[in-house]
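# My questions concern the predicted model and sequence given below.
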Amino acid sequence: MHDGTGDGLRVNSGKNIQFYDNTIYKLGHDGLFAIGCQNVEAWNNRITCRTNSGLRDWNSNGVKFHDNVIDSFYHWSAGGPGIQIEKSTGGVVNDVEVYRNTIYSTYGPGIWMIAYGDPYTEEEAKNVRIHHNTFYNTGTNPSIDWVGGIVASGFYNTLIENNVFDGVYHAAIVHLTPAGIGNSASPSGAANVASHAGAVNYVRVGYDDMSPADVTKLAPAGYDSMSLAGATNLAPAGNGYTTTVRNK
């Protein structure tokens, strides 16, 4: 599928969706757009995004996105995140796993998680696990601040572990609600991204023999960059989270 003006596959209120072995190039919206579905699996797809995301879950549950390669290109039409996990009013998103994907050079974040709309309970937006993915050079859009490896808000009990982030823009993991999205808080207060105690993600600097003090040189002017002192702050304070910054 290539150079289209809409989605590669859009499914509304479906069940047992399998999306695999596809080559998707510069479509007009999402490669896969699953809306209010149950049991969605996407794997072994090669996707170059344009306009929106490669794989998108909107109010779908029982979702597995794995073993995909997703990228984009540097242009205003290049789209948003590689993978988008979205919960809005009335939806339940509490069983999602994203693993063994390679996501690189996306115009937006590598993965964007966002829950918003009317107040909701913890049970309606939780238990997203993101593990064993590789992110590099994600978030190249200079016009927005919600870029990085993973940008998340509004979900409870998110587990992010055993990922590699290499040369991502802004930061590896960002807890941020973009302006204009609306409410992303539950009745009991702002939902949090929680990383499991002992989970390790590796943030690799991009040049040989670079000292941790030189990590700031990797990001272009106008972007926040990660220093060694800030490495433990990749997840919100209060969560048990270990991150290692190391040279190649």
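That came through, no problem.

# Name the nearest residue to A125, ignoring sequence neighbours.
Closest residue to A125 apart from its sequence neighbours, by C-beta to C-beta, 6 or more residues apart in numbering: A115 at 4.1 Å. Just so you know, the C-beta spots here come from the backbone N, C-alpha and C atoms, and that holds for glycine as well.

# Could you give the backbone dihedrals for the one you found?
phi -120, psi 130 (degrees, to the nearest 10).

# how near is N44 to Y99?
Going from N44 to Y99 by C-beta to C-beta, to the nearest Å gives 13 Å.

# Of those two, which one has the most company?
Y99 (17 against 12; other C-beta atoms under 10 Å).

# Which pLDDT value goes with R46?
Looking at R46, its pLDDT is 97.

# tally of neighbours for it?
Neighbour tally, R46, other C-beta under 10 Å: 16.

# what's the neighbour count on the closest residue to F155 other than its chain neighbours?
The shortest distance from F155 to any non-neighbouring residue, by C-beta to C-beta, 6+ apart, is to A125 (4.9 Å). By other C-beta under 10 Å, the residues close to A125 number 28.

# ok, now the one 10 residues further on?
F135 is surrounded by 28 other residues when neighbours are defined as other C-beta under 10 Å.

# what does G36 give?
16.

# That one and E123: what is the separation?
From G36 to E123 the distance is 17 Å (C-beta to C-beta).

# Same question for T177.
Taking C-beta to C-beta, one finds T177 at 20 Å from E123.

# These two: which is more packed in?
T177 (19 against 11).

# Sketch out the low-pLDDT regions of this protein for me.
Residue ranges of the chain with pLDDT under 70: 77-78, 180-248.

# nearest residue to L9 other than its sequence neighbours?
L32 is the one closest to L9 (C-beta to C-beta, 6+ apart), at 5.2 Å.

# I'd guessed the one you found sits against A42; true?
Yes. In this structure, L32 is within contact of A42 by C-beta atoms under 8 Å, at 5.4 Å.

# Wait, F135 touches D166, no?
Yes. Between F135 and D166 there is a contact at 7.0 Å, judged by C-beta under 8 Å.

# one step back: give the full set of residues in contact with the residue nearest to L9.
By C-beta atoms under 8 Å, 6 or more residues apart in numbering, the residues touching L32 are 7-9, 11, 19, 40, 42, 45, 54-56.

# do you know how far the most centrally placed residue in the chain is from Y156?
Note on the chain: the residue nearest the mean C-alpha position is I111, at 1.1 Å, using C-alpha atoms, centre = their mean. Distance, I111 to Y156, using C-beta to C-beta: 17 Å.
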